[in-house]
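Novice: Could you look at this predicted model? Sequence included:
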Amino acid sequence: MSEVTCNICSSTDHYPVKCPNMPIQCRCGAKGHVSDLLTGNWRWPKQGEGSRYVCPKCPIKLIIYPKEVKTCDYWAQARSDERISQGKEANINSHKTGCYGEYAVVKAYDCEWTGKFYEGQSWENRSWDTERGEVRATFSNHHNGMKLYPSDSYLDAPYIWVKLLRRGSNVKAELVGWVWLREGRKDKWWNEEGYWIVPREKLRLMETLPCTP
Ligand SMILES: [Zn+2]
Ligand SMILES: [Zn+2]
């Protein structure tokens, strides 16, 4: 084999198409190299996230398409019906919001939607919302932080914050970050309205979300 000189880094060990020093750029403008995909926590984009590589500082953004929105709406209705059948109050919009957020995590990580309702499953006995953790979804958030409620009960679960935005018949989802429930319950983050607000900048990066414990 004849010797090749890489015109990106001048190495004679590889062809330019295999160059680990090939520059890449994130949508936020951050610059890295192909080698960062293996060693530096950069990642390939997830489905619905566009075509660019993503740096470790950027949240996961993806689109929930109309067909998927319909699936979420179906499960939201099922959850709502289940609560009503138990004589409890139900808010279909908050169930929809919850389902979009959970679905976004399921889609991003290709993991199991463990919180989904099906007939015969008791809502009280469900496990986490998703295999990767509990999900807190919001369409708007004037506090710019993740809310945790006293009723949140999975002390060993990662709580993932998903911000949602309607765009026509799509729902745009941003997986902002996550926190352990126990570390999110700091006195200084308590809000007199009855919940904690973990500031956005105090959340852990999605890249550090643990695998199913
Ligand atoms: Zn090279
Ligand atoms: Zn970035």
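Specialist: Yep, it's here. Ligands and ions are numbered 1, 2, ... in the order given.
Novice: and residue 33, bridged to which residues?
Specialist: residue 23 (DSSP bridges).
Novice: Please list all residues in contact with it.
Specialist: 20-24 (Cβ atoms under 8 Å, 6 or more residues apart in numbering). C-beta coordinates here come from the backbone N, C-alpha and C atoms, glycine included.
Novice: Give me the buried subset of those.
Specialist: Burial by neighbour count, 16 or more other Cβ atoms under 10 Å: within the contacts of residue 33 this picks out 20, 24.
Novice: Mind listing what's buried along the longest helix belonging to the chain?
Specialist: Within the chain, and with DSSP state H defining each element, the longest helix by residue count is helix 66-85. Buried positions in helix 66-85, judged by neighbour count with 16+ other Cβ under 10 Å: 68-69, 72, 75-80, 82-83.
Novice: Also near ligand 1: which of these, exactly?
Specialist: Restricting the buried residues of helix 66-85 to those within reach of ligand 1 (Cβ under 5 Å from the ion) leaves nothing.
Novice: wait, which of these is closest to ligand 2?
Specialist: Out of the buried residues of helix 66-85, the one with the shortest distance to ligand 2 is residue 68. That distance is 25.1 Å, counting by Cβ to the ion.
Novice: Against residue 205, how distant is the residue nearest in space to the middle of the chain?
Specialist: Centrality entry for the chain: nearest residue to the mean C-alpha point is residue 175, 3.3 Å, by Cα atoms, centre = their mean. Residue 175 sits 10 Å away from residue 205 when distances are taken as Cβ to Cβ, to the nearest Å.
Novice: Name the next helix or strand downstream of the longest helix of the chain, please.
Specialist: Towards the C-terminus, the helix or strand next in line after helix 66-85, according to DSSP states H and E, is helix 92-109.
Novice: Report the angle between that next one and helix 66-85.
Specialist: An angle of 130 degrees separates the directions of helix 92-109 and helix 66-85 when computed by axes from the mean of the first three to the mean of the last three Cα atoms, to 10 degrees.
Novice: mind listing what's buried in the helix or strand of the chain with the lowest mean pLDDT?
Specialist: Using mean pLDDT, DSSP states H and E, the weakest-scoring helix or strand in the chain turns out to be helix 36-39, at a mean of 86. For helix 36-39, burial by neighbour count (16+ other Cβ under 10 Å) applies to 36-37.
Novice: Quick check: beta-bridge partners of the residue nearest to the centre of the chain?
Specialist: Partner residues in beta bridges with residue 175: residue 60, residue 162, with DSSP bridges as the criterion.
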